[in-house]
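Participant: just coords:
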DNA sequence: TATTGTGAAGCCTTTCACAGCA
DNA sequence: TGCTGTGAAAGGCTTCACAATA
């Protein structure tokens, strides 16, 4: 297929296909059709094929896709065929939950640093939960440590009032990717990427749907 | 404006407008134009006006919108003008972080029950964090307690392998809204609503953008 | 024969541009 | 005058339908 701009929705779906394919691979399934994958991910089969078409041809006509190969191709496309080094900023309840989030390990995401405005306060909380505790450092050390430890993604888990200023610190430290868990939208300059998780918006959405349908 | 189907994207944006308006209201700002609100929420001004137009006319030509009134209207539209009673299922690190998540209080969301497959294991973890601890109950009591406490939204904070079966339990208990934090898509029958938070997909998205731009 | 890859149609969302109005 | 409300245009994404082919 000819080259063109790739829809953001396609990238989001690739991530979902990847998860499904991992499950299939674990179950030793070897081949999958676009229709099967589509059902599993609740999308249209043509959509699945078109999503892949942005990046090349991965299937065999009359057969389908080889699970292992397709999974590897998708991971390569998403940039998941290598380790990503991350830092958590804000080691409150949410931050410490993220520090011990087991799913990161399987997915090549690695938390290599943790920061807080009061590191002494939270040390117990972290070490009690982790087999191999990550030392909690003062945020003032963010810039230096980010360089040292080659941090590429910063996870903001502070209260909303501090989210933007932490984002600014991350930008200053040249941490190019930011995942924000605070219930507020953050802004970053060109060359940087920020994603807001905004799960409270998902709750608002539920409230709306429950009220109106 | 004539009645028509409301885009899901509009509902998501209403939730963002609501947050921005709350901030403005706290700063005692009384009037806001669609252009100002648009800038603050990183959208187009015509988009803001069109979003509102689905539900009626809220502004004054030549002036703008009264912050307080608009905020109340949006909250009413979203169904946020009343309390929502929620339960958390799975009191691991993430679950207990949610139990003490302060932002819920401000937003009329109230956690009135917590469940786990091993309630005794997690009691310490919860009570240590909450001023007024929510007792952790065994999941087998979900159906009865959901009725008793009028639970309308269930928050799944279990490992991914158990997410769908917990969703099934919630459906059986007639808890109509589900917010799923496990990194897997869950399915529910008609009449029920489920939203997956999938923050690992947001990370994948970051990885993609950092790799390709 | 079964399923992929894809041009074209259809649908939905966003943006423009300006009439309408306080 | 300045900003809202909205019809129409533009743009983008999804789905259809079928040619291509292992």
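Facilitator: Done, it's in. Everything numeric here is computed off the predicted structure, so don't read it as measured data. Numbering: from 1, shown residues only, chains lettered A, B, ... in the order given.

Participant: residue with max distance from the center of chain A?
Facilitator: residue A:62 (34.3 Å; Cα atoms, centre = their mean).

Participant: sheet-wise, list the partners of the strand ranked longest in chain A with their directions.
Facilitator: With secondary structure taken from DSSP state E, chain A has its longest strand at strand A:109-116. Using DSSP bridges, the strands paired with strand A:109-116 are strand A:84-89 (parallel), strand A:136-138 (parallel).

Participant: mind pulling the model confidence for the most centrally placed residue in chain A?
Facilitator: The centroid of chain A falls nearest to residue A:179 when counting by Cα atoms, centre = their mean (7.6 Å). Per-residue pLDDT puts residue A:179 at 98.

Participant: tell me the SS of it?
Facilitator: Secondary structure state of residue A:179, per DSSP: H, G, I helix; E, B strand; the rest coil, is strand.

Participant: wait, it sits on residue A:154?
Facilitator: Yes. With contact defined as Cβ atoms under 8 Å, residue A:179 counts as touching residue A:154 (7.4 Å). To be clear about C-beta, it is placed using only N, CA and C from the backbone, and glycine gets the same treatment.

Participant: distance of residue A:167 relative to DNA strand D?
Facilitator: Here residue A:167 is placed at a distance of 25 Å from DNA strand D (Cβ to the nearest atom of the strand, to the nearest Å).

Participant: about what we covered before: so what's the residue nearest to the centre of chain A up against?
Facilitator: A:153, A:154, A:155, A:156, A:194, A:195, A:197, B:199, B:202, B:203, B:206 (Cβ atoms under 8 Å, 6 or more residues apart in numbering or on different chains).

Participant: which parts of chain A are helices?
Facilitator: Using DSSP state H, the helices of chain A run over A:8-26, A:34-41, A:45-53, A:67-78, A:93-99, A:103-106, A:119-127, A:142-148, A:160-172, A:199-212.

Participant: deepest of the strands paired with strand A:109-116, which one?
Facilitator: Burial of the strands paired with strand A:109-116 is given as mean neighbour count (mean count of other Cβ atoms under 10 Å in any protein chain shown); strand A:84-89 ranks first at a mean of 24.

Participant: which parts of chain A sit against DNA strand D?
Facilitator: Neighbours of DNA strand D within chain A, by Cβ under 7 Å from any atom of the strand: A:5, A:7-10, A:43-44, A:46-47, A:50, A:60-63.

Participant: lowest-confidence member of those residues, which is it?
Facilitator: residue A:5 (85).

Participant: can you tell me how far it is from residue B:212?
Facilitator: Look at residue A:5 and residue B:212: by Cβ to Cβ, to the nearest Å, they are 12 Å apart.

Participant: these two: which is more packed in?
Facilitator: The neighbour count for residue A:5 versus residue B:212, taken as other Cβ atoms under 10 Å in any protein chain shown, is higher for residue B:212 (11 against 7).

Participant: one step back: save the strands paired with strand A:109-116 as JSON lines, and put in mean pLDDT too.
Facilitator: Listed next are those as JSON lines, based on pLDDT from 0 to 100:
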{"stretch": "strand A:84-89", "mean pLDDT": "98"}
{"stretch": "strand A:136-138", "mean pLDDT": "96"}
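
Participant: which one of the ones you listed lies nearest to residue A:108?
Facilitator: Shortest separation from residue A:108 across these is recorded for strand A:84-89, at 6.3 Å, computed as Cβ to Cβ.

Participant: so the closest one versus helix B:199-212, what angle?
Facilitator: Counting by axes from the mean of the first three to the mean of the last three Cα atoms, to 10 degrees, strand A:84-89 points 120 degrees away from the direction of helix B:199-212.

Participant: check what contacts strand A:84-89 and list those residues.
Facilitator: Counting by Cβ under 8 Å, 6+ apart, A:95, A:98-99, A:104, A:108-116, A:139, A:142, A:145-146, A:149-158, A:166, A:169-170, A:175, B:203, B:207 sit against strand A:84-89.

Participant: 6 Å instead?
Facilitator: For strand A:84-89, the surrounding residues in contact (Cβ atoms under 6 Å, 6 or more residues apart in numbering or on different chains) are A:95, A:98-99, A:109-115, A:150-157, A:166, B:207.
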